[in-house]
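Trainee: Pasted the sequence and its predicted model underneath.
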Amino acid sequence: MSTTGANADPLAALSSLPGVAESVESVRKAVDRVYGHRVMRRRSNELTSEAALRGARGSAALSGADWALEEVRRRTDFSGDDEARVVGAALRLTAEAGQLLSIWRQSPLRVLARLHLVAAADKGDAVGRPRQDGEPVTETSAAGAAGPLIELPLPGAAEVEGRLDGLSRLVIAGGSAPALVTAAVVHGELLALRPFGSHNGLVARTAERIVLIGSGLDPKSVCPAEVGHAELGRAAYAAALEGYVSGTPEGVAAWITHCGKAVELGARESTAVCEALQRGAA
């Protein structure tokens, strides 16, 4: 999907696509259920920390490092092998997201560069900047299997630059689009463009998280969409993304509603954590 059209608020128009308004409403109700839980009034910081851990685990799983939650919780060293480095990158990004909320609305491209720098944990000259023509994109999972983006056409550097600029302008301008719609478009554009030489999936999912928090839909970051994306599975994630990349109304709507389901599942996970905390089991 191109974000460079003439419409003053093209994201708001996506709300009228089939099923999108219903998904937006369903997400709002799911998030409200979490925020209305009595545990949120007393132990919201604990829930935020737990959601961050579970979200990072889910994002890493989509990038091929599908570790058990307790293994992620137990580990302190994430430098041992490829899978450990993916999990470590996901944890660093989740921690970084909360520090970038104020910058996002002013300079989303600066935030994306910072996210890639944090994920890569490298000082190479290709880190923290969009790729150039001829530079490879490594999206092979830590487990050695091809990631969900591998079959998609790779846009050239000029297209990446133009669409990133268009996306940045939309974010800075703001608008009336629901948070879910904006978050899904940011997520989908970054996956479609793969603007960096590595870690594009991790960066895209963190950007989605930033939009959901910064928009006020999930200000305490307790409804991790990454949990839902992982639960829905890599095949469904790839299929929904292909719909988005097609640019058809049906495909874009399917991607937005897929992201909505992911947020709902993240909210459901946190509701279960609330219940466990209330029982004293977590």
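Mentor: Thanks, I have it.
Trainee: what's the helix or strand where Ala119 lies packed up against?
Mentor: Using DSSP states H and E, the element containing Ala119 is helix 108-120. Helices and strands touching helix 108-120, by 3 or more CB pairs under 8 Å, 6 or more residues apart in numbering; DSSP states H and E, are helix 82-97, helix 101-104, helix 157-173, helix 200-214. Quick note: C-beta positions are derived from backbone N, CA and C, even for glycine.
Trainee: Let me see the mean pLDDT of the longest one.
Mentor: What helix 157-173 shows for mean pLDDT is 96.
Trainee: if we can go back for a sec, which residues sit against the helix holding Ala119?
Mentor: Contact with helix 108-120 is made by 89, 92-93, 96-97, 100, 103-104, 127-129, 164-165, 167-168, 171-172, 190, 195-196, 198-199, 202-203, 206-207, 210, as judged by CB atoms under 8 Å, 6 or more residues apart in numbering.
Trainee: still on that earlier bit, between the helices and strands packed on helix 108-120, which one is closest to Arg28.
Mentor: helix 200-214 (11.7 Å; CB to CB).
Trainee: Tell me the gap between the helix holding Ala119 and the middle of its chain.
Mentor: 13 Å (CA atoms, centre = their mean, to the nearest Å).
Trainee: ok, and for it, which residues are buried?
Mentor: Pro108, Leu109, Val111, Leu112, Ala113, Arg114, Leu115, His116, Leu117, Val118, Ala119, Ala120 (16 or more other CB atoms under 10 Å).
Trainee: any chance of those residues in CSV, plus distance to Thr257 and pLDDT?
Mentor: Output for the buried residues of helix 108-120, formatted as CSV (distance: CB to CB, whole Å; pLDDT from 0 to 100):
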residue, distance to Thr257, pLDDT
Pro108, 24, 98
Leu109, 28, 97
Val111, 26, 98
Leu112, 25, 98
Ala113, 30, 96
Arg114, 30, 97
Leu115, 25, 97
His116, 28, 97
Leu117, 32, 95
Val118, 30, 96
Ala119, 27, 95
Ala120, 32, 92
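Trainee: Quick one: residues contacting the residue nearest to Leu91 when sequence neighbours are not counted.
Mentor: Distances taken as CB to CB, 6 or more residues apart in numbering place Ala56 nearest to Leu91, at 4.6 Å, with adjacent residues excluded. Residues near Ala56 by CB under 8 Å, 6+ apart: Val72, Val87, Ala90, Leu91, Leu93, Thr94, Glu226.
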